[in-house]
Structure formats: structure tokens, C-alpha cells
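Trainee: for reference, the sequence and a predicted model appear below.
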Amino acid sequence: MSDKIYNYLLSVIEEKGAGFIVLIDPDKNSEDRLENKISLINESGADAIFVGGSLILDNNCEDRVAKIKSISELPVIFFPGGISQLNKHYDAMLFMSILSGRNPHYLIGEQVIAAPIVKDLGIEVIPTGYLIIDGGSNSSVQFMSGSNPIPIEKPDILIAHSLAAQYLGKKLIYLESGSGAKNSIPNEIIKAVTNYINIPIIVGGGIRSPKSAHDKVQAGASFIVIGSAIEDGGNQNIKEFADAIHRS
Ligand code: 1GP
């Protein structure tokens, strides 16, 4: 199996200090809207596009991913909200387990259903430990996955989960406070986790400003994911995030 996209992500860390990933929720972006949005992202300095959402209210996900792929200059990586969003158009996928939860379906059930289809499609997989942390509001991912988030005031629990993810062989850890979270992951928590593990950390959820993104990179994040903050933003906004995240 190819490691092309994973190696590309590692090269971004090497060259730029950290990477900027834009999240596109296929439920919130019609094909017309995508045209404009992807061209802004192409020009922004972003390093990759994640596509995925907790819930999709129509049957057009595959068409939208095909559209994104046809106009994007960046790797298009599946950030799975569920197997119904899996299709042949992605360059790679985060092969995730919600390790912070205790719902067996999202620990291993969904992955078993997906694995043979992923093999058939020939998509590169990036094993990822997904850890949901309480972001101060009920997140869609928390509700849809039926899993409790890790309490923010218990960094020892998060550290133990992060170490377990690394020892299980995950290549990335995703610290998630939920799309549109009231509170993003605090910098001191990111710092605490990076003191214990040595695989790259993705941080996402509720990051609203370039300064906040910059501070999370300083704390040790290797990738910052921005979705809601640029959902209606212009090119300038996306560029500002890229500049704040990349080493100047
Ligand atoms: C959600 O981490 C991502 O899974 C991005 O969150 O939409 O809050 O930027 P936002």
C-alpha cells in the first residue's frame, strides 16, 4: 500500500513547521458553492483538504467529492463521518478509531465494515487515533458516535489515551473538540500531550482566529484543521490562517 499522502504530510511538517488543513463538510457545500470555495483554497497556501461530516442529509456526497477532486490542487483526504461517505475519489483517508469513546461500533465495528471496501477502492489509509475532548458544547460527533468526550480538566486521561494510540501503532493523533466547539483545545493541553508522544498531532474544533491557530502550533500541534471559521470567509481569511500556521 502506498504511503504517498502520509509522506507528503510529514514533508509539510519538515518544510513549514506545521500544516494547514481545510475541512469541507459535504453537507454544507453544494457543487456550485464548491467551485468558488476550492479555488480560494487552492490560492490560500493550505496544505490539504479534509472532507467529511457527522451527518449528510442527501445522497450527493460522492458527486461533491468528485467535484472537489476535479478542481483541487491539494490532496483530498477523507475524514470519515461514516462509511456512507466512502468513495473512490479520495487520495487517502484517515483510518480512524474513536479511542476516547467506549462505543465498540466506532472503535472497531465501522472499520471492519469499511476495510474490504477500502482495499477494493485502493485508497491509501492513514491509521489515526481520534480523541474527542469536551469543547464546552454538545458536539455532533459526540452525539452521533454515542461517545463521551474526555473532560478538559483531566489532562492525565488525555495523555494516557494519546500514549495508548501511539502504542497501538497509530500514525497520527487527532485532538478534536468538535466542529464549532465553544472552546478549542487549550494550548497547555496540547503541550502536555506532545511531551509524552512523538507522532504528529492534528488539532481541530472551534479554532476561530489565525492567532489561536498560531498559538496551537507553538504549543506543539503539527496540523491545524479549520472548518467553520472559513465556511463563509473570503480568500484573505484563509490566507491569514495559512500564514499564521506556517513557519515564517
Ligand atoms: C471538526 O476539527 C474540525 O471536526 C474542525 O472544526 O469546524 O470548528 O473548525 P471547526
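Mentor: Structure's in. What do you need?
Trainee: so which residues on the chain come close to the ligand?
Mentor: The interface of the chain toward the ligand, taken as Cβ under 6 Å from any ligand atom, is made up of 23, 176, 179-181, 204-207, 225-229. (Each C-beta comes from the backbone N, C-alpha and C, glycine too.)
Trainee: how about a cut-off of 8 Å?
Mentor: 23, 25, 50, 52, 79, 141, 174, 176-181, 184, 203-208, 225-231 (Cβ under 8 Å from any ligand atom).
Trainee: just the residues you listed: which are in helices?
Mentor: Judged by DSSP state H, the residues of the chain next to the ligand include V141 as members of helices.
Trainee: what count of nearby residues applies to Y174?
Mentor: Residues lying near Y174 (other Cβ atoms under 10 Å) number 25.
Trainee: now do the one 10 residues further on
Mentor: Taking other Cβ under 10 Å as the criterion, the count of residues near S184 is 26.
Trainee: use 44 as the first number for this chain going forward.
Mentor: Sure, I'll start numbering at 44, so the last one becomes S227.
Trainee: excluding its backbone neighbours, what's nearest it?
Mentor: Of all residues not flanking S227 in the chain, G249 sits nearest, at 4.0 Å (Cβ to Cβ, 6 or more residues apart in numbering).
Trainee: pLDDT value on that neighbour, please?
Mentor: If you check G249, the pLDDT there is 96.
Trainee: cool, and N278?
Mentor: Reading off the model, N278 has pLDDT 62.
Trainee: now do the strands in the chain.
Mentor: 62-67, 91-94, 119-121, 135-141, 167-175, 215-219, 244-247, 266-269 (DSSP state E).
Trainee: pLDDT on the first one, on average?
Mentor: Mean pLDDT, strand 62-67: 97.
Trainee: strands paired with it, and their directions?
Mentor: Sheet pairing here is set by DSSP bridges, and for strand 62-67 it gives strand 91-94 (parallel), strand 266-269 (parallel).
Trainee: return the distance of the closest residue to the ligand within the chain relative to I67.
Mentor: Residue nearest to the ligand within the chain: G247 (2.3 Å; Cβ to the nearest ligand atom). Separation of G247 from I67 (Cβ to Cβ, to the nearest Å): 13 Å.
Trainee: repeat for S140
Mentor: Taken as Cβ to Cβ, the span from S140 to I67 is 23 Å.
Trainee: looking at those two, which is more packed in?
Mentor: Using other Cβ under 10 Å as the criterion, S140 and I67 rank with I67 on top: 26 against 19.
Trainee: and the nearest residue to that one once chain neighbours are set aside, how many neighbours does it have?
Mentor: Once flanking residues are discounted, I67 sits nearest to V94: 5.1 Å by Cβ to Cβ, 6+ apart. If you count neighbours by other Cβ under 10 Å, V94 ends up with 27.
Trainee: show me what V94 is bridged to.
Mentor: Counting by DSSP bridges, V94 forms beta bridges with I67, F121.
Trainee: so what's it up against?
Mentor: Neighbour list for V94: 66-67, 69, 107-108, 111, 119-122, 128, 133 [criterion: Cβ atoms under 8 Å, 6 or more residues apart in numbering].
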